[in-house]
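J.: below are the sequence and a predicted model; questions follow.
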Amino acid sequence: MDCKRSGKIILHLSFLLKRSNSMVLNIQKTKSSFFMQNENQLFIFTDGSVNTKTNIGWGAFLVVPDIELQVEKLKQSVKLKRFEDTSSSRLEIQTLIWALSEVLNFNGKITVYTDSQTIVGLAGRRFRLEKNNYHSKSGRLINNYDLYREFFAITDQINCEFIKIKGHKQSVRKDKTDNIFALVDRAARNAVRGEK
């Protein structure tokens, strides 16, 4: 797909949710600063925040086609969802599964930025988890086994990698990915505060 330099037409990647809940990739020509350098890659930033007294949490994610986009223009694109009866670890996985389910029809590479070590380490634990049928040495089902199964099922359908990002860095130490992640982190925390 070509961009016309004369008209400075820029491709803007947007997702439309059909009633069937399947995602359709809709590439629209718009005069926008959202410049898609690579149609074969998406970047997803996910985070969550939980009120430990109520076990209610908010997950947040942002999908961008290019991490060089201006952060200020991305604020309105952060998606939020409320989860009940959850925990910090559970919410991180719930939010990721929700985010990935929104881009299942994307055929390119997806890079996920998260501050969750659990998520980043899940692929390496898969063989043992499945070998033990998600049971601990004592024979009980491990916490969040249902989400681990769902995580593996969804990541088997897409080409994705996970990058651990350190949350809550000092401003002077933040790079562009840190600044985008901070948007998502802030949105989740503000949503939890809004519950009070």
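T.: Yes, it's here. Numbering: from 1, shown residues only.

J.: CA atoms for contacts and neighbours, from now on please.
T.: Will do.

J.: go through the strand or helix carrying R186 and flag the buried ones.
T.: Using DSSP states H and E, R186 sits within helix 176-193. Across helix 176-193, burial judged by 16 or more other Cα atoms under 10 Å covers 178-189, 191-192.

J.: would TSV of those with pLDDT be doable?
T.: Compiled in TSV, the buried residues of helix 176-193 are given as follows (pLDDT from 0 to 100):
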residue	pLDDT
D178	91
N179	91
I180	93
F181	94
A182	92
L183	93
V184	96
D185	95
R186	94
A187	96
A188	97
R189	96
A191	96
V192	96
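
J.: show me where this protein has helices.
T.: Counting by DSSP state H, the chain has helices at residues 88-101, 117-131, 145-155, 176-193.

J.: got those as TSV, with distance to F162 columns?
T.: Compiled in TSV, those are given as follows (distance: least, Cα to Cα, whole Å):
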stretch	distance to F162
helix 88-101	11
helix 117-131	6
helix 145-155	11
helix 176-193	13
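
J.: go through the ones you listed and name the closest to L42.
T.: helix 88-101 (10.9 Å; Cα to Cα).

J.: could you say what helices and strands the closest one packs with?
T.: Counting contacts by 3 or more Cα pairs under 8 Å, 6 or more residues apart in numbering; DSSP states H and E, helix 88-101 is packed against strand 41-51, strand 56-64, helix 117-131, helix 145-155.
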